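Peer 1: sequence-free structure coming up:
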Ligand SMILES: O=C(O)C(=O)Cc1ccccc1
C-alpha cells in the first residue's frame, strides 16, 4: 500500500489550479505535484517512472468519456487504477480586471470539455465570439492574466481566478447543475490507494475485447457472466478497437474486488468464451468538495 508519503511525485494536467490539479490535491495533499501540458504526457510520465502517480480526467457527467484517456489506457500503456476521485465542476467566465467592464470579447479560451459544458450559456450570451480550444482551463486563465491589453476571456474554476488574479464576470455558467468529473489515479503497480475518507464500495475496471469470430450474442454472453454471479455493473461503454469499422472493446466497471472468488470465476468464464480481459485493478472512490 503506497501513496501516502510526501515523497510521491504526481503528474497532472497543468498549470496550477486546473480541475485535475484540485483532484490530485484531494488524494496527495502533501505530494510533489508535477504539471504537464497534455494528458498523454501525464500518462507517459508514470509509465516511464519519472513520477509515481498520474491523475487524469476519465469522464464527465455532461460530456461523457475523455476518449484520449480511455484509449491511451487501452492501446498505449499498461497501468493500473489505484483510486478514483469524483469532483464537482463549477465553470466560471474569467476576465482580466482591466477588462471587467468590456461588453464584448475578441475570443473565449478554455479546455474543450469546459467549452462544451458551457455551450448553452456561450451560445446565448456570446453568440458571435470565437471559442478557442486551449490545453486546460488553468492554462487559459494564465494566458488571459498575461495579456491585459487583449479583451479575451477564459472559462475555468474559482481557484484559477484567485491564482491568476482574474475577475469572475459570470459565475456557474455550466449548462446543467449536476456537473461532475471522474478522475483516475494511475500507477505502474497494481495496488489500492488507501488514505482516510474513501467510500466503502470497491470498484474494478475491466477492458474486454470480444472474440474475433464476431458471432452473434457475444455481448449478451459477457453480461450474463456477471449477471448470474450477481456482480453489479456500474458502467459499460464501448470504444473502437481501431482494427476496422464496427470492431469495439468494452469498458466495464464492476462493484467488487478483482480478488473475490466470484470475480475469479468470471475471469475464467470470459476466457472460456474467447474474450481477452485487461484489468485496470480494484480501487476506492474519493470525493472532492465543491
Ligand atoms: O482543464 C482542466 O482544468 C482540466 O483539468 C481538464 C478538465 C476540464 C473540464 C472539466 C474537468 C477536467
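Peer 2: Alright, I've got the coordinates. Values in this document were obtained by computation on a predicted structure and should not be read as measured data.

Peer 1: alpha carbons only for contacts and neighbour counts from here, please
Peer 2: Fine.

Peer 1: Could you pick out the residues of the stretch 1-150 of the chain near the ligand for me?
Peer 2: Counting by C-alpha under 6 Å from any ligand atom, the stretch 1-150 of the chain comes close to the ligand at 13, 18, 19, 20, 57, 111, 113, 114, 136, 137, 138.

Peer 1: quick one: the helices in the stretch 1-150 of the chain?
Peer 2: Assignment of helices within the stretch 1-150 of the chain using DSSP state H, counting those that start in this stretch yields the ranges 19-27, 39-47, 67-71, 112-117, 119-125, 137-146.

Peer 1: Serialize these to a markdown table and add fields for mean neighbour count and mean pLDDT.
Peer 2: Below are the helices of the stretch 1-150 of the chain laid out as a markdown table (neighbours: other C-alpha atoms under 10 Å; pLDDT from 0 to 100):
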| stretch | mean neighbour count | mean pLDDT |
| --- | --- | --- |
| helix 19-27 | 24 | 96 |
| helix 39-47 | 21 | 94 |
| helix 67-71 | 15 | 81 |
| helix 112-117 | 20 | 94 |
| helix 119-125 | 14 | 96 |
| helix 137-146 | 24 | 98 |
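
Peer 1: Would you tell me which of the ones you listed gets closest to residue 205?
Peer 2: Nearest of the helices of the stretch 1-150 of the chain to residue 205, taken as C-alpha to C-alpha: helix 67-71 at 11.3 Å.

Peer 1: contacting residues around that closest one?
Peer 2: For helix 67-71, the external contacting residues (C-alpha atoms under 8 Å, 6 or more residues apart in numbering) are 39, 40, 56, 57, 58, 239.

Peer 1: Is it possible to get CSV of the residues of the stretch 1-150 of the chain next to the ligand that adds distance to residue 46?
Peer 2: Output for these, formatted as CSV (distance: C-alpha to C-alpha, whole Å):
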residue, distance to residue 46
13, 13
18, 19
19, 19
20, 15
57, 15
111, 23
113, 24
114, 25
136, 20
137, 23
138, 22
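
Peer 1: And these, which is closest to residue 174?
Peer 2: residue 114 (8.0 Å).

Peer 1: hmm, back to that, next, format the helices of the stretch 1-150 of the chain as CSV and append distance to residue 272.
Peer 2: Shown next, in CSV, are the helices of the stretch 1-150 of the chain (distance: least, C-alpha to C-alpha, whole Å):
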stretch, distance to residue 272
helix 19-27, 38
helix 39-47, 31
helix 67-71, 26
helix 112-117, 40
helix 119-125, 46
helix 137-146, 46
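
Peer 1: So which of those is nearest residue 98?
Peer 2: Minimum separation from residue 98 across these (C-alpha to C-alpha) falls at helix 137-146, 9.8 Å.
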